[in-house]
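>>> Predicted structure and sequence below. I'll ask about it afterward.
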Amino acid sequence: MASITDKNMKLPDFSDTATAFAHMDNQELKKTAWLFRMMNKPWLVKYGSSLGLVAVEWNLPFAEKIIRHTIFEQFVGGSTLLESQKSIDRLSNLNTLTILDYGAEAKETEQDFNHTMTENIRAIDFASQGEHKVPVISTKVTGLARFALLEKMQSAATLSKEEQNEYRNALKRLDTICFHAAQKGVAVFIDAEESWIQDSLDHLVWLMMKRYNKEKVVVFNTYQLYRKDRLQFLMESADRARESGFMLGAKLVRGAYMEKERKRSEEMGYPNPINPDKQTTDDHYNTALRFCADHLDEMAVCNASHNAQSNLLLAEIMEQKGIPRDHPNTMFSQLYGMSDNLTFNLAKGGYRVAKYVPYGQVHDVIPYLIRRAQENSSVTGDAGRELSLILTELERRNLG
Ligand SMILES: Cc1cc2nc3c(=O)[nH]c(=O)nc-3n(C[C@H](O)[C@H](O)[C@H](O)COP(=O)(O)OP(=O)(O)OC[C@H]3O[C@@H](n4cnc5c(N)ncnc54)[C@H](O)[C@@H]3O)c2cc1C
């Protein structure tokens, strides 16, 4: 497909569903509408999630087949790196980059952690051969180290000899990934997770940034702006990075564990670390965007969000400050299969935009798929954000 870049357009128009869904023919669009209608039913998502988990655990081939041809196809690039190539090429034809994310989660053994590291390294090799279609891979520290170990480290309890060994192994795995990425010219995004392990993650990522971000940003930490303290932490991190002589990598997100955070803080009787309301989170997020745009000479930012206003805001700031739309220290990102109205309109405007593309075997990515289904299920009965956009496009094509 020909490039669709149109740099004459002033700012991206996220209501342009023609551009958002240009990559789908009528049949694909109808199938996607059907899928989002299904996910819009909370009862179906609730029972479907449990059934899906059980069926895949019992190795029922029909269950895997159904999942593969519906929700997996929508949100996952493929079972393997090679299988994901088609999605990567399709995105590249739409001026959109790919962030590869090995989707296996909730692992517990040293063998699993070594396997994740090997997969990450394979993804880096794969990315480095791909004509810059994949500039970044993403990883999660809980894919490389035991959750309980990270939690214990954060609680300042003394680690046993065995645990110290485990910690050293985790550090070695992360370092091997980042070293390899630096050698191959690929960046690494490290996800943010629950607040009760995040200090441990921050410490590990800090060590990596210090080691590998001397000339350019290879390693990115993730800042969850739904937390009361993260805006300040981001600003302090930028100061500390400057003083220590390296560049900060900042992937900004609002945060995905709000309910879990609230529940744990109530159960354990400490103040909820999350902002009191959505508006405060939005304000913190947008202030963080402005801060990063003001410091692009010493940091790189990824605006990882499905919020149209936050995406437009960064585009506006870049316009006002005369920052080139393809500035290498900027990136916008959305999850594969979601918010195509943002991604492909940003791509059309010539911004650096990437889809987060998870890949993995069906049984390994089930937890990720359940989260996507839950996100798109409407408790109020209103059409969700994605479904509304698809319905608008169906109507525009006279298919509604
Ligand atoms: C590319 C990409 C990478 C991501 N990586 C991570 C990651 O590493 N770690 C992670 O935790 N999440 C990650 N996320 C998920 C992200 O944190 C959000 O959950 C999700 O993107 C929804 O937020 P939004 O910015 O798209 O906007 P919106 O849909 O406008 O915002 C919804 C978010 O606002 C916040 N919020 C909602 N209600 C309230 C309230 N009452 N009070 C306070 N805050 C509220 C919550 O964070 C909620 O998720 C990622 C998302 C993307 C697109």
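On my side now, so go ahead. Residues are numbered from 1 along each chain as shown.

>>> CA only for contacts and neighbour counts going forward, please
Fine.

>>> ok, which stretches of the stretch 201-350 of the chain are helices?
In the stretch 201-350 of the chain, the helices defined using DSSP state H, counting those that start in this stretch lie at 230-244, 258-268, 278-294, 308-321, 340-348.

>>> what mean pLDDT does the shortest one have?
For helix 340-348, mean pLDDT is 98.

>>> who's in contact with it?
4-7, 12-17, 19-21, 94-96, 306, 308, 311, 332-334, 352-355, 389 (Cα atoms under 8 Å, 6 or more residues apart in numbering).

>>> before we move on, the earlier item: I'd like the helices of the stretch 201-350 of the chain laid out as TSV, including distance to residue 301.
Listed next are the helices of the stretch 201-350 of the chain as TSV, based on distance: least, Cα to Cα, whole Å:
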stretch	distance to residue 301
helix 230-244	11
helix 258-268	23
helix 278-294	6
helix 308-321	10
helix 340-348	16
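
>>> for those, which one sits closest to residue 216?
helix 230-244 (12.4 Å; Cα to Cα).

>>> Does anything pack onto the closest one? Which helices or strands?
The contact analysis (3 or more Cα pairs under 8 Å, 6 or more residues apart in numbering; DSSP states H and E) places helix 230-244 against strand 219-224, strand 248-253, helix 278-294.

>>> Alongside the ligand, which residues does the stretch 101-250 of the chain contribute?
By the rule Cα under 6 Å from any ligand atom, the part of the stretch 101-250 of the chain lying against the ligand is 191-193, 222, 226.

>>> quick check, distance from stretch 277-294 to the centre of its chain.
18 Å (Cα atoms, centre = their mean, to the nearest Å).

>>> ignore the last one, stretch 186-194
Counting by Cα atoms, centre = their mean, stretch 186-194 comes out at 8 Å from the chain centroid.

>>> can you tell me if stretch 331-345 touches the ligand.
Yes: contact of stretch 331-345 with the ligand (Cα under 6 Å from any ligand atom) involves 333-335.

>>> Quick one: end-to-end distance for that stretch.
14 Å (Cα to Cα, to the nearest Å).

>>> per-residue pLDDT, residue 130?
Looking at residue 130, the pLDDT reads 76.

>>> Can you tell me the number of residues neighbouring it?
13 (other Cα atoms under 10 Å).

>>> Residue 161 now?
By the criterion of other Cα under 10 Å, residue 161 has 9 neighbours.

>>> just residue 310 next, same as before
18.

>>> Residue 36 now?
23.

>>> and what of residue 283?
With other Cα under 10 Å as criterion, residue 283 counts 15.

>>> and it, what is it in contact with?
Neighbours of residue 283 in contact, by Cα under 8 Å, 6+ apart: none.

>>> swap in the one 3 residues further on?
With contact set as Cα under 8 Å, 6+ apart, residue 286 has these partners: 310, 313.

>>> among the helices of the stretch 201-350 of the chain, which is the most enclosed?
helix 340-348 (a mean of 27; mean count of other Cα atoms under 10 Å).

>>> what element comes up after that one heading to the C-terminus?
Using DSSP states H and E, the next helix or strand after helix 340-348 towards the C-terminus is strand 353-359.

>>> for residue 215, phi and psi?
For residue 215, the backbone dihedrals (degrees, to the nearest 10) come out as phi -100, psi -40.

>>> OK, contacts around it?
Taking Cα under 8 Å, 6+ apart as the test, what residue 215 contacts is 246-247.

>>> if I look at it, how far off is residue 331?
Taking Cα to Cα, one finds residue 215 at 18 Å from residue 331.

>>> And for residue 387?
26 Å.

>>> again, but for residue 359
21 Å.

>>> next one: residue 278
Distance from residue 278 to residue 331, by Cα to Cα: 24 Å.

>>> Check residue 200 too.
26 Å.

>>> Contact partners for the closest residue to the ligand within the stretch 101-250 of the chain?
Closest residue of the stretch 101-250 of the chain to the ligand, Cα to the nearest ligand atom: residue 191 (3.3 Å). Residues in contact with residue 191 (Cα under 8 Å, 6+ apart) are 138-141, 221-222.

>>> Please repeat the previous calculation with a cut-off of 10 Å.
138-142, 198, 201, 205, 220-224, 251, 253 (Cα atoms under 10 Å, 6 or more residues apart in numbering).

>>> Isn't residue 257 up against residue 194?
Yes: counting by Cα atoms under 10 Å, residue 257 touches residue 194, with 6.6 Å between them.

>>> Isn't residue 352 up against residue 133?
No: in this structure residue 352 lies outside contact range of residue 133 using Cα under 10 Å: 11.3 Å.

>>> Now do the helices in the stretch 1-150 of the chain.
Using DSSP H, counting those that start in this stretch, helices in the stretch 1-150 of the chain cover 17-20, 26-39, 42-57, 61-67, 73-75, 81-93, 110-128, 147-154.

>>> and the ones you listed, which is most packed in?
helix 17-20 (a mean of 21).

>>> could you give the mean pLDDT of that helix?
Mean predicted confidence for helix 17-20 is 97.

>>> Restrict that helix to CA atoms and write it as PDB.
Provided in PDB are the C-alpha atoms of helix 17-20 (Å, rounded to 0.1, in the frame of the first residue of the first chain):
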ATOM      1  CA  THR A  17     -13.000   7.100  10.900                       C
ATOM      2  CA  ALA A  18     -12.300   6.800   7.200                       C
ATOM      3  CA  THR A  19      -8.600   7.000   7.900                       C
ATOM      4  CA  ALA A  20      -8.900   5.000  11.100                       C
END
